[in-house]
Every structure is written in C-alpha cells, then in structure tokens.
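Colleague: Predicted coordinates and the sequence they were generated for:
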Amino acid sequence: MHTSHSNIRLRIIKDRLFLALVVLLSFAMIVPLLLIIFHIVKNGIGVINWEFLTSLPRPMGEQGGGIANALAGTMMLIVLASLIAIPLGVLAGIYLAEQKTGRIASGVRLCMEVLQGIPSIVIGIVAYAWVVISMGTFSALSGSVALAIMMLPVIVRSTEETLRLVPDILREASLALGVSYSRTVLKIIVPSGLTGILTGILLAIARITGETAPLLFTAFGNPYMSFNVLKPVDSLPLMIFNYATSPYPEWHAKAWGAALVLVVFVLGMNFTAKVIAKRWKVQF
Amino acid sequence: MIKVSFDSIFKTVLKAVGVLMLLLLAGIFVTLVIDSLPAIKATGVAFFTGTTWDPVFKEYGSLVFLVGTLLTSFLALAISLPFSLAIAIFLGEYFRAGLVSSFLKSAIELMAGIPSVIFGMWGLFVLVPLVRQVEIQLGVAPYGIGILTASLILAVMIIPYSASISSDVVNLVPADLKEAALSLGATRYEMIKKVVLPSARSGIFAGVLLSLGRAIGETMAVTMVIGNANILPTSIFSPANTMASIIANEFAEATDAVYVSCLIEVGLLLMMVTLVISMIGRYIMYRMKT
C-alpha cells in the first residue's frame, strides 16, 4: 500500500518536472533572439543618422559616409526581381489553381517544391552562368534574376492556395451569366483572392531582401551610386557581409547600422504581410 | 468570336507559364551539369575522394567540404533537437492556444524572419569571443571560429523551422488516443512519452530531415564563422569549410576555367544532397497527411 502510494507521488513529480523542462527549453529559444535584437539595436542605433542613410561610403580613414548606394541597390534589385517574378509567379499560380489535376500541373507543383529547396548559393551560380557569363559583367540584372528565382515558389504557392479557397459558386454564377472563362478568372476569381496573393508577394520580397549568398557573384557590390541595371550594384546584406568581415572597427560600426536598417525593413515587411493576411483574410 | 479566341489565348498563356516553370528547373539542372563537365573530366573520382583542395597546384578534392558540411549540420541538428522538441510539445500539447502560445509563436516567426547574414554577423562579433573564452578554459587552440561556432549559429537558425513543423505534427495526434491514455490513469508526461511522441514520430523525423536540408544549404552565417580552412577537421573546435562556404569564399575569385567548374560541381553536389534529404522529408510528410 505504502509503496504504490509513493510510486504515484513519484509519477506526479516526474510529470511536473517534465512540464518545467518543456517550458524552460521552449523559452530558452527566446534568449538568442533577444540577444541578437539587443546587440543590433545597441550597436546600430548610434550609427544611424540622416547622413548615414543618404551619403555614399567614404574610403577607409575618412570620417562619415553612409549606405545610400546599398539602399538604392537593394531597392533596385527588389523592383527588378519583382518585375520578373510577380507576373510569372501569379500566372503559374492561377494555372495550378485552375488545373487541379494533370501531368503538367503536378509536375509544376513538384518543380516548385524542388525550387524552394535549392540552396540560395546554387541559384547564384545559375544566375552567374546564365546572365553574368553571357553579358560578360556582374550586374544588377543578374542579381535580380537570382532573386526572382527565389521569389517564384513562394508567390506560386500562395497564389494557388488562395485561389483554391474561392468557392465554385462564384465561378459558376459568372459563367452562367455568359461571362467568358478568361474574364471570370481575371475579374472574379483573382480579385477575390487578391489579399492572399499580395501576402505571398510581400513574404517573397521579405525573403529575398535579406539574401546575400546569390548576390556575391551576381550583383557583386559597388561603392558608388549606380542605377544602371547592366552594372554591378551594392545591396544592404552584401554591404553588411563585406563590412562585418573586414578588419576595420569603423566598418564594423557601419555594418551594425546597416544591420539595424535591414532587420527593421525585413521584419516590417513580414509584419505587414501578417496584418494583411489577418485583417483582409479571404473568407467565404 | 473575339472573346472565344481570347479565352484560348488566355489558356495557352497559363499553360506556357507552367511549362516555363518546368523548363526553368530543367535549365538549372542542365546548366549545373554542363558547367561541371570540365571538372568531371579533369578530376574524375578524385573529386569525391580527394582530401586536398589546393587550386594553386590544381588539386581539387571536395571530400573535406562534404565532411565539413555534414559535421556542422548534424551537430547543429543535435543541439537544436531538445529545444525544437520542447517547443513542439509546448505548442502542440500543453499550450495550444492563448497568450503564452501566441507569444512564443510570434517569437519563432520573428526569428525565422531574421536574414542569415545578420545571424552570421552576430555570431562573428558576439558568439566567437564567447567560444574563444570557452576554448581557453578547455585548453584547446582558441580560434573562436570553427565547426562548433557554425553549428551553434545553425542550431539557432533551424529551431524555428523544425519546431513549427513538429508542433503541427504533435497537434495532429488524435484526441481519442490521448484521452484513452489519460483515462487509464497515465499522467500527462506518460501520455506524451508513450502515446503522443510515438505516433508523431515519423512526422517529427520528417521535420528533422527538412531542417537538415536547410542547415546543409545555409551559406552566409556559416561562411562568416567557420574559419575558411580547406582541411579535414580534426575536432569540433577546428576551423573548416562547408560546400556552401567554399563557393561563397572562392567563386568570385576563381580565374582558371577548371577551378570555376570544380566550384560549380561542388554546387551540384550540394544541391543533390539537399534535394535528396528534403525530398525524403517531404515524402514522409505527404504520406502522413493522406
């Protein structure tokens, strides 16, 4: 009698200890997150001012200088990559949503999953082989091609998933009124799922904004302001990488500042996507 | 009449874009294979078995990088597993909804959103000095950079990923199984140990494989803290290089055609390894859901 009683107590103690362990380990994950944010804000906030955001980098040894070229380059890369990836991605997503079965459609689905799993540095090699080699120079365009390939799977999948939620009644009502198939898709089905598509696009942009690896030998980096798509450009993550791995403390400080700008931008984008997804959720 | 033809154009365009996606992936494969051919011709099997990577003497043995990649990735996986399992049980079993769980979920999402170059930079400036201190205490060569540091950073980076997959799987365990265990007098711990984890096992394994695929392909964070040494690592404290980091470090500077081609072959190898691992993971997930 006595032993079975203490046995139960032991089991209850074990149960409590396990819960404590689970909670402890789960929240341990937050420690590095807080540390990263803490260090970036602490080291970055003092660096950022108007001059930092609006002026070009100065040579080593000169005071001041900023990240304007990297900001402009990042924007250019995002815009170019979006111009390539959004139309293709949304159209492919529409195709998959319309074509539920079929050999090509399931091939495309598998293809997107594979594409999502390819390491970004390998995408960089491919963009190098396709664009840099054939044009003979590192360029913003080659970087954008690499980033566009990385955006595609995200956009395609979110477009397909959203459009699948649009009920058939809407389509049938439209077709019954004599509206053509293409108009039904473009004017009824796609607008109904627009917020989902937009969320996917924002997530895809957030994904590529912080990407460095595919830009190392495509966009390459450039200490001057450049708006030429056929010439190398700098980007924020590329600049952070180059400054952080340099031996100069002044450049390390710049890297922290640029890191703060980048993190705010990327997390802001993620947050916006989440708010859009929540507030204008596609519901039927 | 015009409308009908527009419809068929529309359908053709959609289909063409679909086919374009197939061609894109095929093109990626073909490009990598064709551009690897000079390396395959020049090095043959020695590429996979050689342990010396010395472009100056035209020796290209990539085994060092495969070892470096597998070592860092598995170590990262081992470090991350207790944490991601705990989060999976926390979110999938103990706190399925409510303020605490949404707090943890937001933290995980935040972590997943941080770019890898930021992790690398933080690792370089914060983690490396810490590891160096530990190494001095232990009496090993205090590089600071190396396999251990890279694995720690990788572990932090993959926790959000494996935790969110595993917690979904834990969530899927049928309630009647769990209730049956509880009604037989099991404590919650016993129920989790004997019912939840065994029935979620294959899904958790799939999550592990998918995060392993991520860890293997991760480039920037690893490149910044692994030490860029083309040698077979002798301990977890020694500097090394992974398949991804060697490409990041040397590709832009490679001049010789065979050299470039060898780096592309490393990329091809890297892609194959990641794809095989993540496809097995996806297959297991797919089988679980159907």
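Modeller: That came through, no problem. Residues are numbered from 1 along each chain as shown, chains lettered A, B, ... in the order given.

Colleague: when you scan the helix or strand where residue B:132 lies, is anything in it near chain A?
Modeller: In this assignment (DSSP states H and E), residue B:132 forms part of helix B:128-138. No: judged by Cβ under 8 Å from any Cβ of the partner chain, helix B:128-138 stays clear of chain A, getting no closer than 10.5 Å. Bear in mind the C-beta positions are built from the backbone N, C-alpha and C, glycine included.

Colleague: where does the stretch 151-284 of chain A dip in pLDDT?
Modeller: The stretch 151-284 of chain A contains residues with pLDDT under 70 at A:281-284.

Colleague: now for the one helix or strand residue B:22 maps to, which elements pack on it?
Modeller: Taking DSSP H and E as the definition, one finds residue B:22 inside helix B:2-43. Here helix B:2-43 touches helix A:68-98, helix A:103-117, helix A:120-127, helix A:140-165, helix A:181-183, strand B:59-60, helix B:257-289, going by 3 or more Cβ pairs under 8 Å, 6 or more residues apart in numbering or on different chains; DSSP states H and E.

Colleague: and the last one, how far from the chain's centre?
Modeller: Yep, that's helix B:257-289 we're talking about. Relative to its chain's centre, helix B:257-289 lies at 11 Å (Cα atoms, centre = their mean, to the nearest Å).

Colleague: Buried ones in that helix, by neighbour count?
Modeller: Within helix B:257-289, the residues that count as buried by 16 or more other Cβ atoms under 10 Å in any protein chain shown are B:258-271, B:273-275, B:277-282, B:284-285.

Colleague: Sort out which residues of the strand or helix carrying residue A:199 are buried, please.
Modeller: Per DSSP H and E, residue A:199 falls inside helix A:194-209. Neighbour counts using 16+ other Cβ under 10 Å place A:195-209 of helix A:194-209 among the buried residues.

Colleague: Out of these, which comes closest to residue B:89?
Modeller: Among these, residue A:203 lies closest to residue B:89 (Cβ to Cβ), at 27.6 Å.

Colleague: Contacts only, for the closest residue to that closest one other than its chain neighbours.
Modeller: Leaving aside its chain neighbours, residue A:203 sits nearest to residue A:273 (5.1 Å; criterion: Cβ to Cβ, 6 or more residues apart in numbering or on different chains). The contact partners of residue A:273, by Cβ atoms under 8 Å, 6 or more residues apart in numbering or on different chains, come to A:199, A:202-203, A:206.

Colleague: before we move on, back to that, which of the buried residues of helix B:257-289 come close to chain A?
Modeller: B:263-264, B:267-268, B:270-271, B:274-275, B:278-279, B:282.

Colleague: pretty sure the residue nearest to residue A:203 is in a helix, no?
Modeller: Yes: counting by DSSP: H, G, I helix; E, B strand; the rest coil, residue A:273 is found in a helix.

Colleague: what's the spacing between it and residue A:193?
Modeller: 15 Å (Cβ to Cβ, to the nearest Å).

Colleague: Please apply the same query to residue B:168.
Modeller: Per Cβ to Cβ, residue B:168 is found 24 Å from residue A:193.

Colleague: so how many other residues sit close to residue A:184?
Modeller: The burial count assigned to residue A:184 is 19, neighbours taken as other Cβ atoms under 10 Å in any protein chain shown.

Colleague: and the closest residue to it other than its chain neighbours, how many neighbours does it have?
Modeller: Nearest residue to residue A:184 in three dimensions, chain neighbours excluded: residue A:174, at 4.3 Å (Cβ to Cβ, 6+ apart). Other residues near residue A:174 come to 18 when the count uses other Cβ under 10 Å.

Colleague: quick one, what contacts residue A:174?
Modeller: Neighbouring residues of residue A:174 by Cβ under 8 Å, 6+ apart: A:183-184, A:187-188.

Colleague: what's the closest of those residues to chain B?
Modeller: The shortest approach to chain B among these belongs to residue A:183, at 8.0 Å (Cβ to the nearest Cβ).

Colleague: Quickly note the distance from the closest residue to residue A:113 other than its chain neighbours to residue B:140.
Modeller: Spatial nearest neighbour of residue A:113, excluding adjacent residues (Cβ to Cβ, 6+ apart): residue B:282 at 6.3 Å. For residue B:282, the distance to residue B:140 equals 39 Å [Cβ to Cβ].
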